[in-house]
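Sequence first, predicted coordinates after that:
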Amino acid sequence: MKIDQKVLEQVAEHLGNYAYMLLDPRTSVPFYVGKGSRTRVVDHGLEAEALSSSEDESAVEHSRKIRAIQEIRAAGFEPDIWILRHGMGSEYTQVEAAAIDLLSTFLVQPARDLHPLANLDQLTNERRESSKGHGIETLANIVAEFGAPELAPQTPPLLLITLKPWVDLEEPLPDGGARAGYGFRTEWLSASDKSLIAAELGDSVRAWWRIDPKAVERLKVKHVVAVHRGVTRGLFQIRPGSWELDAETGRRGFSVDPVLSGPLHDQVVGRYGYRTPPKKRGDISALPTGPSSRKAEQRDHEALLRPANLANNAN
């Protein structure tokens, strides 16, 4: 995985101490668990065989790992690299050991189109670390986020909606329809065809927010952008006159049409997304706290109006 040195250093700083898995992309079955550190990434890069030191594995173990990697490459593929946990202290050794024990005990079946957290319903547990941002993720997605260029301040006025992890909660939509939940699904990060997720992503981004439509009109905002983990993920045009008020919560929603191509799409989303700069003083924002009828499901998503004449004020 050859990437720009500056991006490599940013990724390394973000990872810190980490535990990871290598998967055979033909079956999505893990064949190696390892651990590494920021120094290892900076010195040796992000190739599958370089993420951990040979000092951490016996000669036999190292040989088996390299042989498996060579076999995958001979078939025309590259191993998939998944980061199990990162940003850790000395406990990364225990995380590696626990993962090895689990994968050496329970049978892992081949799967198609596997992605992190694809089988959340397999356990009765809820995730305990999702808010910390150090949970399981593919290394490719982590690199893509750090490699995303910054969103240019010369864009037209935009309504940026920051979506946190997905919440299963069926609820009505402004136009009389319904949605199965809100937020950002983990599988959307790896979606190769963005048109296939546009409808559901649009439903997630268009309701329900504490936004004044008059402010949107005053700033001449015509488009809304879905943002996840600081990177733009989708662009939608707000249908004029579609704003609706939920009288019970005081929140508003609207209807949208996906924008999947064209100059504005290339400027705002493009192929990999754009990193949104931190908010600055003067931004118009709203932090929803959840409708009274859904207090158990606290919403920490955020809506932000980004006027064109304010540089670097996206969230």
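Arrived safely.

Would you map out the domains in this protein?
5-147, 158-306 (automatic domain parsing).

These: lowest mean pLDDT?
Of all the domains of the chain, the minimum mean pLDDT falls on domain 158-306 (a mean of 83).

for E150, phi and psi?
The phi and psi torsions at E150 (degrees, to the nearest 10) take the values phi -80, psi 140.

Kindly provide the distance from it to L304.
Using CB to CB, to the nearest Å, we find E150 at a distance of 16 Å from L304. (Each C-beta comes from the backbone N, C-alpha and C, glycine too.)

More neighbours: which of those two?
Comparing E150 with L304 by other CB atoms under 10 Å, the one with more neighbours is L304, at 22 against 11.

Write down the beta-bridge partners of that one, one by one.
As for beta bridges, L304 partners with L160, S285 under DSSP bridges.

from what I can see it touches W209, true?
No: with contacts counted by CB atoms under 8 Å, L304 stays clear of W209, the gap being 10.2 Å.

all helices for the stretch 101-250 of the chain, in order.
Per DSSP state H, counting those that start in this stretch, the stretch 101-250 of the chain carries helices over the ranges 139-147, 198-205, 213-218.

Pull out the buried positions in the last one.
This means helix 213-218. P213, V216 (16 or more other CB atoms under 10 Å).

how far does it sit from the chain's center?
With CA atoms, centre = their mean, to the nearest Å as the basis, helix 213-218 stands 29 Å off its chain's centre.

which other helices and strands contact it?
Of the remaining helices and strands, none touches helix 213-218 by 3 or more CB pairs under 8 Å, 6 or more residues apart in numbering; DSSP states H and E.

Kindly reformat the helices of the stretch 101-250 of the chain as JSON lines containing distance to V29.
Shown next, in JSON lines, are these (distance: least, CB to CB, whole Å):
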{"stretch": "helix 139-147", "distance to V29": "17"}
{"stretch": "helix 198-205", "distance to V29": "29"}
{"stretch": "helix 213-218", "distance to V29": "49"}
